[in-house]
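Visitor: Take this sequence and fold it.
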Amino acid sequence: MTGVAGLPWACRTARAQQTLARGLVASLLSALSLAACSVPEDRPAEGTENTAVPLPPMRVFGEIRAEPPSRANADMVRDFLDLSFALESGRALPVLSRFERPITIRMSGPVPPTAPRDLKRLVSRLRSEAGLQVSLGDIPGAEITVEFIPSRNLRRAVPYAACFVVPNVSSWAEYRRAPRARVDWANVTLRERAAVFIPSDAAPQEIRDCLNEELAQAIGPLNDLYRLPDSVFNDDNMHTVLTGFDMLMLRAYYAPELRSGMTREEAARRLPAVLDRLNPRGRAVPPRPVAPTPRAYVDAIQRALGPGSSPAQRRRAAAEAVAIAARSGWRDGRAAFAWLSYGRVVLDKDPETAFTAFLQSARIARADPLLELHAAHAELQLALFALANGDPRTSLALTERAIPPATRDQNAALLANLLMVRAEALEELGRVNEARAARLDSLGWARYGFGAQVEIAARLVQRPNADPTAATDRAGP
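Guide: Predicted structure coming up:
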C-alpha cells in the first residue's frame, strides 16, 4: 500500500465520513437522474411517462474458465479430507457420500428470469471443468431440485440462511414434513436426492452465488474452511463463483478410485494418487503447512457478521477475531478477512480505527497473489477514504487496481461500487465524460449485483460494503 499510508489525510477520517456520505449521495443522485423513476423492468413508473429515462441495461458476465489451482497436491489432499468429512458446524462425517449415477438438475417454483441462464452456464462448467455427468432436465425424478421460495417463507423456517441444501427430499413441502434425521447429512451414505432452496426475490447475483455454492455442496464436499484462499468453500464469501480449486475438488470427489461409504482413512490412502493424476502441476509445488482454524475464530466471525448481535457485540467479536489471527501468526486470508470485518463493524463509531483496519487488511492481502479479491474489498474502502479526504487521484489508483480481480471473479456488486467511487473521483478531476460513462457502467452492474432500483439506491448511497451483514448469508449443511 505504498503511497497510501503516509498521506496527510489519513488522520482526518471522522470529518471525511460526513463528506463521503454527502459526496456519494450527490454522485448517486446525479447518476440516477438518467434513470429517474424507472423500475426494474425498464418501464416508467405511473405518472412519469414523459420524464423517465430507463436505467441502462443489466450488465452480465461472459463465460468463465477458472485458472487451475497453484497450490501443492499434498496440501490439497488435506483440504479435500477436511472439506469432505465434516460439516460446517464442526460435526465429523463418518463416511464420504456422493451420487453414484448421472445427476439431473431441475428448477421449480417462481423461477427468477436470470436463473436459467446462470444455471445453464454453471452446469456447462461442471461438465467441462469438473468432468461431472450432470445435466438439466424438467423431470420429477431429478436427482437435484432447485426450488425458488419467497424469502419471507424461507427465512421464517430457517432464519439465519439465505439459501441452503438438504438431502433426501425434492421439494420445500417435503422438507417441511421430513423428520430431522432424514435431512441430516451425517446419516447419508449414498446420495440419491437433494434439494437446494433459494429465495426467488433475491438479487440476480445472490441467486447465482447460491446456485454455485449450494449445488457444489449438493454434489460434493459439505464443509467450508476459512483457511482456503481460492475457494467458494469458505464462509468469508470472497469468492462467489466456483474456482479452479473448487473444480479440482469436485473432479476428485467423483474419481473412480473413490466411492460412497469410504471412511476418511480409506480416502486418505487413495487421494495422493488421485490428485497427482488429475493435477500433475501440483506434484512439484512444495507444501505450505497451514494451521487449522480454531473454533473460537469461526464463532467470533459469526458473531461479528451474523444476525442477532448488537453493534457493541459485533465490535467485540471482530476485535476477538483480529486478536486470534495475531496470536496465531497468520498472514493469510483469515487475517485479511478479520481486519476487513473489524473495519466494517467499527466504521460508524470509529472511522480512524476502521481506516487502519482496512489498510492492514489490504497490506496482508496484497502480499499473496491468491488474495487479490480480499485486497479489492479493502481497497474499495480505502478509495472511499481517499475520495472523501480530497485525494481523487489515490482513489482512482486504488479502484483501478481493484477492478480487475472484481471483474475476473465476476462480482458485479463489488464492481458496481468500485465504478461509482471511480466516477466520483473522475468528476473531481474534471474528467466529466469518463465520469458519466463510469456511472452508467456502475448502474448496469448494480442491476445484476443488487437487483431492483430501490435496492440499487440503498446500496450505493450507503458507504459500499460498510454494512457488515450486507454480504449474502449462504448456509451450507
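Visitor: only C-alpha atoms for contact and neighbour calcs from this point on.
Guide: Noted.
Visitor: quick one: Q381 and A357 touch, right?
Guide: No: at 10.1 Å, Q381 does not count as touching A357 under the criterion of Cα atoms under 8 Å.
Visitor: More neighbours: the two, which one.
Guide: The neighbour comparison of Q381 against A357 (other Cα atoms under 10 Å) goes to Q381, with 29 against 25.
Visitor: which residues touch the closest residue to V232 other than its chain neighbours?
Guide: Excluding its sequence neighbours, the residue lying closest to V232 (Cα to Cα, 6 or more residues apart in numbering) is H239, at 5.2 Å. The contact partners of H239, taken as Cα atoms under 8 Å, 6 or more residues apart in numbering, are 230-232, 373, 409.
Visitor: Taking those residues, tell me the two that lie furthest apart.
Guide: By the measure Cα to Cα, the contacts of H239 have their two most distant members at V232 and L373, which lie 12.3 Å apart.
Visitor: Neighbour count for the two, which is higher?
Guide: Neighbours per residue, other Cα under 10 Å: of V232 and L373, the larger number sits with L373, 28 against 24.
Visitor: which one of the contacts of H239 sits closest to P286?
Guide: Nearest to P286, judged by Cα to Cα, of these is D230 at 17.4 Å.
Visitor: That closest one looks like it's in a strand, true?
Guide: No: D230 is assigned coil when assessed by DSSP: H, G, I helix; E, B strand; the rest coil, not a strand.
Visitor: Shouldn't S135 be within a strand?
Guide: Yes: the assignment for S135 (three-state DSSP) places it in a strand.
Visitor: residue contacts, it?
Guide: Going by Cα under 8 Å, 6+ apart, S135 touches 103-105, 123.
Visitor: residues near W445, how many?
Guide: When neighbours are defined as other Cα under 10 Å, W445 has 28 of them.
Visitor: Please report how far it lies from F355.
Guide: Here the criterion is Cα to Cα, to the nearest Å. By it, W445 lies 27 Å from F355.
Visitor: which element follows the helix or strand where N153 lies toward the C-terminus?
Guide: When secondary structure is defined by DSSP states H and E, N153 falls within helix 151-157. Following the chain from helix 151-157 toward its C-terminal end, the next helix or strand by DSSP H and E is strand 164-167.
Visitor: Relative to that next one, what are the paired strands and their orientations?
Guide: Taking DSSP bridges as the criterion, strand 164-167 pairs within the sheet with strand 194-199 (antiparallel).
Visitor: Show me what the partner strand is in contact with.
Guide: The contact list for strand 194-199, computed with Cα under 8 Å, 6+ apart, reads 143-151, 154, 162-172, 207, 210, 214-215, 218.
Visitor: in the protein, what spans have low per-residue confidence?
Guide: For the chain, the stretches with pLDDT under 70 are 1-54, 452-477.
Visitor: Go again with 80.
Guide: The chain contains residues with pLDDT under 80 at 1-55, 65, 160, 452-477.
Visitor: So which of the contacts of S135 belong to strands?
Guide: Here DSSP state E is the test, and these give 103-105 as lying in strands.
Visitor: just to revisit the earlier point, need the overlap of contacts for V232 and L373.
Guide: Contact criterion Cα under 8 Å, 6+ apart; residues shared by V232 and L373: 238-239.
Visitor: what comes up buried for stretch 56-73?
Guide: Along stretch 56-73, these residues count as buried under the neighbour rule (16 or more other Cα atoms under 10 Å): 56-60, 66, 68-69, 71-73.
Visitor: Any idea how far apart the tips of that stretch sit?
Guide: Chord length of stretch 56-73, first to last residue, is 45 Å (Cα to Cα).
Visitor: Now do it: distance to the chain's middle.
Guide: On the basis of Cα atoms, centre = their mean, to the nearest Å, stretch 56-73 sits 13 Å off its chain's mean C-alpha point.
Visitor: cool, and stretch 243-259?
Guide: Once both centres are worked out by Cα atoms, centre = their mean, stretch 243-259 turns out to sit 21 Å from its chain's centre.
Visitor: Over to that stretch now: how far is its first residue from its last?
Guide: One end of stretch 243-259 to the other measures 24 Å (Cα to Cα).
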